[in-house]
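S.K.: Starting from these lines, generate the structure:
(3 chains)
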Amino acid sequence: MVTRGLTKRFRGGQVAVNQVDLEVPAGSIFGFLGPNGSGKTTTIRMLLGLIAPTAGTVELLGQPMPKAQLSVLPRVGALVEGPAFYPFWTGLANLLRFDAADAMADPWTRKLRAGEALERVGLSNAAGKKVRAYSLGMRQRLAIAVALMQRRELLVLDEPTNGLDPQGTREVRLLIRELAGDGTTVFTSTHLLAEVEQVCTHAAVMSQGRLVRQSTVADLRAELRPRLIVRTPDLGLAAQTLSGLGVTDLKQSADTVDGDPGELPIDKLAAALVTADVRLHGFTLERPSLEEAFVALTGEGFDVAE
Amino acid sequence: MGTTRRGRRWLVPVTTVAVVAGVGAFGPVVADASPDLPGITAQDLLAKVQTAKVDGLSGTVRSAADLGLPALPGMEGSQFPDLLSGEHTARVAFAGPDKARVSVLDNMAERVLTTDGKTAWAYDSSEREAVKYVLPARSTKPAQPRPEKDAYDPQAVAKQFLDAIDPTTKVEVTGTERVAGRDAYKLRLVPRTDKTTVGSVTLSIDSKTWVPLDVTVMPRTGDDPAIQVGFSSVSFDVPAASTFAFTPPQGVKVTEETVPAFKPHSVTPPKSVTPKTTPQTPRSGSADDRPDVVGQGWESVVVLHNADLTPGTNGPLDQLLANARTVQGAWGSGKILTSKMVSALITDDDRILIGLVTPDTLVAAAPKAPR
Amino acid sequence: MSAEVMEVGGGSSPSTAVARGRHGTALFWSELHLVFGRARTWVLLGVLAVVPVIVGVAIRLSGSEGDAQGFLGQVAGNGFFLIVASLALSLPFFLPTAVTVISGESLAGEASLGTLRNLLTAPAGRSRLLAAKMVALAVFCLAATLTVWLAGLIAGFVLFPVGDVVLLSGSTVSLADGLVRALGIAVLIAASLIGLAAIGLFVSSLTSTPLAAMAATFSAFIVSGILGAIPQIDVIHPWLLMYGWTSFADLLRDPPYWDEIVRNLLMQGAYLAVFYAAAWARLTSRDING
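M.R.: Okay, the predicted model is just below:
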């Protein structure tokens, strides 16, 4: 999946997505990160041909969108912006309808496939219940079941764990890994960094309509520089010493001094501090989380509570 | 790029509108393009029309009248008020001099008038009533149980105007056209007098049978026809005799009337104000009530007698009369009602003068009109 | 005409068109299932079925032949006319209301539920989805008039004597002939509703609020009725949606008078073509944000 210069300007001039060049390698689990309103969902809608880009191109499974959507989309399972169903129908009936909408779907195996998909998301028991009576988590599972009705080469999941309890979240993550293990490329948007850290092989970060970063998760992590944190009552002395040794980006708080040690050997730094008569209450090297990296990239905090 | 491409999709519905409107507006014009016919002089054409005779015909007639008459709720009581306004469709069949059938196709109803020469039937599907008229044996004139037969017969309508041809009429052949799928000449009659409200009368004359297929009357002012009666389809095969027979269906109230031999016209109560197209409009009651015609040709005026227009008994007509212009003369006084085509003078001595003439012509005719 | 244009404009190359044609009818069946699988649809049809029953019972209770003109006046004498009278009575209000509700719901309902995006990513194909919606609407129109026909038949036969049918022209045909003609009338009235259904479909494609779509469609219907009642603008009357609606009665003439019937069908076809094309242009260029 590749996008080039993808841009969406809404009527009124607001640019929701600005010059986005995404590259999702086949077989990857791609985490699409960004705070709410950063243009994630708009990008996903353009990927799937739901809205037309103002500029730029989208290529899905090697074919141009939305031109080839009728041949490409059957190979793509999608969950866009929360589950949407006919509340007056049962979960099973909903599954059957969306499958029937796809002319490529085999009508003879439809019920069988629906049963399997429901089984896979743990909804077998609720298949005959009207969706009206489903909880949000059940609807989310049903939406994933829609994407699983057929063998897909690509899954595009927009916030797949939204509304799920911790148990459900774990199951979905497991499911994603399992599917990826079968060779399916998974493109999942989320605002939960933990999800990316635990599941994804690749990640991209959106901020204010722009793609600020994309790489493998391993690279992202490797780039995160560890920070040296010295807990001491002798703040000034410690800072002076570290600075003299070449530690940069020093910051002081009530009882700590921290900075970027760069490539400096840690044991030497400790020895130097002791030699300088700095009273060490603590001396740690801390690797920052992706969240901190994210804050560094987007310049804003992560709105975990939504 | 995307936006302009998508904008172009709206060309599809726009084109559809254009095509639909084009077919609707110009389709009939193209279909009715003027056929090529050998030239003919107006005099020859007129002669052929006046001697034209067919043994029978059937077809569908559409009539549209816009005489500019005010809508009078009081006229609802009359039996065929609609002849004077609006659009109507009738199926007609004629055979010989005395067989005729006219079915007026009303909205969700039908009125049938049929005669085989011996009996005549009038059937109204909405009232579920049928009237049987026993006609006198072999009357000299073809029996006409109701005048509306003529109103839906382009031949009869044309005759009214052909009768009016006199030296004051300019007659010309103005071209050809297709009417009811047949090639026809257009014969235009233009009155040279300015006393009439008629601007011109155009007859479409079938080029094979010389039967008028369409009559269009244009008023002196305005661009819309005042009267148009014409075939939308026509066949000159003589209809089968069974066409003119009528068996009253079950559950229909049947009344029977015998028509006296010497007064073949005296059936319809003349509640409707009838313009010159049917000047012989019959009257019920005594012979004294029969209408007279004053004047000739385009200037003829029909005089109705003993019209009871006492104020307070005619509903909306009273209001109309109250606002009408009053005219006076040596003959007395009266009120003038005018419309685009028809003028009427209602005198204080209960005469009504009506014609396709100017109000002044009516006033001039008033002294000559019998009381 | 429009169908061909659709295909070209739909953005699908010929090869993909062939490839996706395998089970293309499934969506149409699913669409019917959606329309007829809802309680709301059956309530509407139920209301329509009650029309002949109420009319029949009222006439029966009044006990007299009555002075009513037209079809209604013939019901007491022949139950057959309950079918025709009910169809005629349903035409000005009940049938258009039902069609308005269903057509207004069609696309706006999917948009408001969000199911439109599921269908389009399935992928249903926008042109094909629209075609399925229109076909389902046409089937609903037919189901609505056939409901009245059937209810009228049953109520008419139960409540009144039944016999040979007197046509408008005064001639009499057998009951079987009459029933076939009444069936023809039901089909003609269904066809008369197609134009309104197409307008509803188009309006429905403009919004994500089904109620707004229904209100707007019904307003269009009312406005058309008002325009038709103003004599000063009778020039445009022949172009109005309802101008030829009463032409169905021409089927009860002897022989049937086809001119107005054909004209009405062409008129409905024109409305269908215009508004279907507009709905297509709208749906295929619309951003699905809901």
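S.K.: From chain A, how far off is the residue lying closest to B:G39 once chain neighbours are set aside?
M.R.: Distances taken as Cβ to Cβ, 6 or more residues apart in numbering or on different chains put B:V173 closest to B:G39, at 7.9 Å, once the chain neighbours are dropped. Quick note: C-beta positions are derived from backbone N, CA and C, even for glycine. According to Cβ to the nearest Cβ, to the nearest Å, B:V173 stands 63 Å off from chain A.
S.K.: now C:V55: how far from chain B?
M.R.: Using Cβ to the nearest Cβ, C:V55 is found at 16 Å from chain B.
S.K.: And A:E223, by the same measure?
M.R.: Applying Cβ to the nearest Cβ to A:E223 and chain B gives a distance of 36 Å.
S.K.: Count the neighbours of that residue for me.
M.R.: A:E223: 10 surrounding residues under other Cβ atoms under 10 Å in any protein chain shown.
S.K.: Same check on A:E171?
M.R.: Neighbours of A:E171 (other Cβ under 10 Å): 18.
S.K.: Can you pull the phi and psi angles for it?
M.R.: Dihedral pair for A:E171: phi -60, psi -40, per degrees, to the nearest 10.
S.K.: Can you name the helix or strand that the closest residue to A:M65 other than its chain neighbours falls in?
M.R.: Leaving out its chain neighbours, the residue that sits closest to A:M65 by Cβ to Cβ, 6+ apart is A:V58, at 4.2 Å. A:V58 belongs to strand A:55-60 when assigned by DSSP states H and E.
S.K.: which of the residues in the following helix or strand past that strand are buried?
M.R.: Sequence-wise, the next helix or strand downstream of strand A:55-60 (DSSP H and E) is strand A:63-65. Residues of strand A:63-65 classed as buried: A:M65 (neighbour count, 16 or more other Cβ atoms under 10 Å in any protein chain shown).
S.K.: what's in contact with strand A:63-65?
M.R.: A:M46, A:L47, A:L48, A:G49, A:T57, A:V58, A:E59, A:S71, A:V72 (Cβ atoms under 8 Å, 6 or more residues apart in numbering or on different chains).
S.K.: Centre of the chain to that strand, how far?
M.R.: 23 Å (Cα atoms, centre = their mean, to the nearest Å).
S.K.: quick one: the helices in chain A?
M.R.: For chain A, the helices defined by DSSP state H cover A:40-47, A:69-72, A:91-100, A:110-120, A:136-147, A:166-181, A:193-199, A:217-223, A:235-245, A:266-275, A:290-298.
S.K.: now for the third one, which elements pack on it?
M.R.: With contacts defined as 3 or more Cβ pairs under 8 Å, 6 or more residues apart in numbering or on different chains; DSSP states H and E, the packing partners of helix A:91-100 are helix A:110-120, helix A:136-147, helix C:26-36, helix C:115-121.
S.K.: what about it, distance to the chain center?
M.R.: Distance, stretch centre to chain centre, for helix A:91-100: 28 Å (Cα atoms, centre = their mean).
S.K.: got the CA coordinates for that helix in CSV?
M.R.: Output of helix A:91-100 as CSV, limited to C-alpha atoms (Å, rounded to 0.1, in the frame of the first residue of the first chain):
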residue,chain,number,x,y,z
GLY,A,91,-25.5,-9.9,13.9
LEU,A,92,-25.5,-12.8,11.5
ALA,A,93,-28.0,-11.0,9.2
ASN,A,94,-25.7,-8.0,9.2
LEU,A,95,-22.7,-10.1,8.3
LEU,A,96,-24.6,-11.8,5.4
ARG,A,97,-25.7,-8.4,4.0
PHE,A,98,-22.2,-6.9,3.8
ASP,A,99,-20.9,-10.1,2.3
ALA,A,100,-23.7,-10.1,-0.3
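S.K.: and the angle from it to helix A:110-120?
M.R.: 120 degrees (axes from the mean of the first three to the mean of the last three Cα atoms, to 10 degrees).
S.K.: Give me the mean pLDDT for helix A:91-100.
M.R.: Helix A:91-100 carries an average pLDDT of 93.
S.K.: now the longest one
M.R.: Here helix A:166-181 scores 86 as its mean pLDDT.
S.K.: Next: the last one.
M.R.: Helix A:290-298 comes out with an average pLDDT of 69.
S.K.: Please determine how far B:W210 is located from chain A.
M.R.: B:W210 is 64 Å from chain A, by Cβ to the nearest Cβ.
S.K.: Test my guess that that residue contacts B:A52.
M.R.: Yes - with contact defined as Cβ atoms under 8 Å, B:W210 counts as touching B:A52 (3.7 Å).
S.K.: okay, now the domains of chain A?
M.R.: Annotated domains of chain A cover A:2-220, A:225-287 [automatic domain parsing].
S.K.: how long is the last one end to end?
M.R.: Distances were taken as Cα to Cα, to the nearest Å; on that basis the terminal residues of domain A:225-287 are 7 Å apart.
S.K.: now swap in stretch B:218-226 and tell me
M.R.: With Cα to Cα as the measure, stretch B:218-226 spans 6 Å from end to end.
S.K.: In that stretch, which residues are buried?
M.R.: Buried residues in stretch B:218-226 (16+ other Cβ under 10 Å): B:M218, B:P219, B:R220, B:P225, B:A226.
S.K.: In chain A, which residue sits nearest chain B?
M.R.: Closest approach between chain A and chain B, counting by Cβ to the nearest Cβ: A:A52, at 4.2 Å.
S.K.: for A:V76, what are its contacts?
M.R.: A:V76 touches A:L48, A:L60, A:L61, A:R152, A:E153, A:L154, A:L155, A:V156, C:T121, counting by Cβ under 8 Å, 6+ apart.
S.K.: 7 Å - rerun?
M.R.: A:L60, A:R152, A:L154, A:V156 (Cβ atoms under 7 Å, 6 or more residues apart in numbering or on different chains).
S.K.: thought A:L96 was touching A:R110?
M.R.: Yes - contact criterion Cβ atoms under 7 Å: A:L96 and A:R110 qualify, at 5.9 Å.
S.K.: The helix or strand that contains C:G73 - contacts with which helices or strands?
M.R.: Following DSSP H and E, one finds C:G73 within helix C:70-74. In terms of contacts (3 or more Cβ pairs under 7 Å, 6 or more residues apart in numbering or on different chains; DSSP states H and E), helix C:70-74 is packed against helix C:80-90.
S.K.: ok, and what's touching the helix it packs on?
M.R.: B:108, C:48, C:51-52, C:55-56, C:71-72, C:74-75, C:145, C:148-149, C:152-153, C:155-156, C:160, C:162, C:165, C:175, C:178, C:182, C:185-186, C:189.
S.K.: Worst mean pLDDT among the domains of chain A?
M.R.: Ranked on mean pLDDT, the bottom entry among the domains of chain A is domain A:225-287, at a mean of 82.
S.K.: how distant is the longest helix along chain C from the center of its chain?
M.R.: As assigned by DSSP H, the longest helix anywhere in chain C is helix C:126-159. Here helix C:126-159 is found 7 Å from its chain centre; the criterion is Cα atoms, centre = their mean.
S.K.: rewinding a little: please save the CA atoms from the helix holding C:G73 in CSV.
M.R.: The C-alpha trace of helix C:70-74 is given here as CSV (Å, rounded to 0.1, in the frame of the first residue of the first chain):
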residue,chain,number,x,y,z
GLY,C,70,-67.7,6.8,-10.0
PHE,C,71,-66.1,3.7,-8.7
LEU,C,72,-67.1,4.3,-5.1
GLY,C,73,-70.8,4.3,-6.1
GLN,C,74,-70.5,0.9,-7.7
